[in-house]
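Chemist: return a 3D structure for these sequence lines:
(chains A and B)
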Amino acid sequence: MRIASWNVNSIKARLGHVVEYCKAGHTDVLLLQELKMMDEAFPHDAFQEIGWHVANHGQKTYNGVAILSRHPITNCEMRLAGDDSDEQARFIQADIEGVHVASLYLPNGNPCPGPKFDYKLAWMDRLDALADSLLASEKPVVLGGDYNVIPQAIDCYDEAEWLGDALYHEESRSRFFALLHKGYTDAFRAIHPEGAHYSFWDYQRGAWQKNNGIRIDHLLLSPEAANRLTNAGIDKGPRGLERASDHTPVWCDLALP
DNA sequence: ATGCCCCCGTCCCGGGGA
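Modeler: Coordinates of the predicted model:
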């Protein structure tokens, strides 16, 4: 089973790309972020027509996450526990074919320091607590999404550009690595130890043409999922399309149990 | 230099993204 994650930067602007991606057979499950659309407006018909299942959690203008799947989606839950006052649609989780999958859109956190950075770190602490409880479940778990974290210097084109930025801040990276240290596997890094592979290229300054990118979209696997990991990659194709998202899909393959 | 590009809303600017 292939599971991919893609920050589409508006599902309205990217609907054609996303439907084509599903139809083309590139993946079995597609985790989406930055829908920028209220649930009532979600284009369910477009996915029903191609036989895909959808679970979505959106809000007006900002954020918004979804799980698309060619297999049925069960036990769906929105919201990340730990802060009942958090109204931002950044998290959805469900079970698909015995695998627990989550689509998450971690806060950007800039400017840092500041309240947005504090929110990012608090959000990561809430994710850490969820990661603990999911580990205890001993189920295969895939926590996928836009983490807005550059894990290492090899995950960006030019480290100097990111020093002091919330995406590369020690407080952000240490929380990301805490997830790895407790037993989660960065699927892409496990298959590709070398650097200079990116999942985001800024619209500005010809970043895509110059390959001035960063790797901030990740699929973290629990041990039960990592045991089934056979391959992982970044699909750069969609970034080169007309009216592309600034992110491109990252994916991993899990063998049948 | 907080801009350069892109998306949203009720909309020809400002906020947010990363």
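Chemist: and A:V101, which helix or strand is it part of?
Modeler: For A:V101, the enclosing helix or strand under DSSP states H and E is strand A:99-105.
Chemist: got a list of contacts for that strand?
Modeler: With Cβ atoms under 8 Å, 6 or more residues apart in numbering as the contact definition, strand A:99-105 has outside contacts at A:1, A:3, A:5, A:7, A:29, A:31-34, A:63-67, A:80, A:90-95, A:127, A:134, A:137, A:139-147, A:225, A:254. (C-beta placed from N, C-alpha, C; glycine too.)
Chemist: mind checking which of those are buried?
Modeler: Listed as buried from the contacts of strand A:99-105 are A:1, A:3, A:5, A:7, A:29, A:31-34, A:63-67, A:80, A:90-95, A:127, A:134, A:140-147, A:225, A:254; burial here means 16 or more other Cβ atoms under 10 Å.
Chemist: so which of the residues you listed are in helices?
Modeler: The helices in this structure, assigned by DSSP state H, contain A:127, A:134, A:225 from those.
Chemist: do you know how far the second one is from DNA strand B?
Modeler: Okay, so that is A:L134. According to Cβ to the nearest atom of the strand, to the nearest Å, A:L134 stands 24 Å off from DNA strand B.
Chemist: what sits against that residue?
Modeler: A:L134 sits next to A:100, A:141, A:143, A:222 when contact means Cβ under 8 Å, 6+ apart.
Chemist: possible to save these as CSV with pLDDT?
Modeler: As requested, the contacts of A:L134 are exported to CSV (pLDDT from 0 to 100):
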residue, pLDDT
A:H100, 98
A:V141, 98
A:L143, 98
A:S222, 98
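Chemist: now these as CSV including distance to DNA strand B?
Modeler: Below are the contacts of A:L134 laid out as CSV (distance: Cβ to the nearest atom of the strand, whole Å):
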residue, distance to DNA strand B
A:H100, 24
A:V141, 23
A:L143, 17
A:S222, 25
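Chemist: let's see which of the contacts of strand A:99-105 end up in strands.
Modeler: A:3, A:5, A:7, A:29, A:31-33, A:65-67, A:91-95, A:141-146, A:254 (DSSP state E).
Chemist: angles on the backbone of the residue of chain A found nearest DNA strand B, please.
Modeler: Checking chain A residue by residue against DNA strand B with Cβ to the nearest atom of the strand singles out A:S10 as nearest, at 3.2 Å. In terms of degrees, to the nearest 10, the main-chain angles of A:S10 are phi 90, psi 110.
Chemist: and what of the one 4 residues further on?
Modeler: Listed backbone geometry of A:R14 is phi -110, psi 10, with angles given as degrees, to the nearest 10.
Chemist: can you check the pLDDT for the closest residue to A:N63 other than its chain neighbours?
Modeler: Counting by Cβ to Cβ, 6 or more residues apart in numbering, A:A89 is the residue found nearest to A:N63 once chain neighbours are left out, at 4.6 Å. Model confidence at A:A89, given as pLDDT, is 96.
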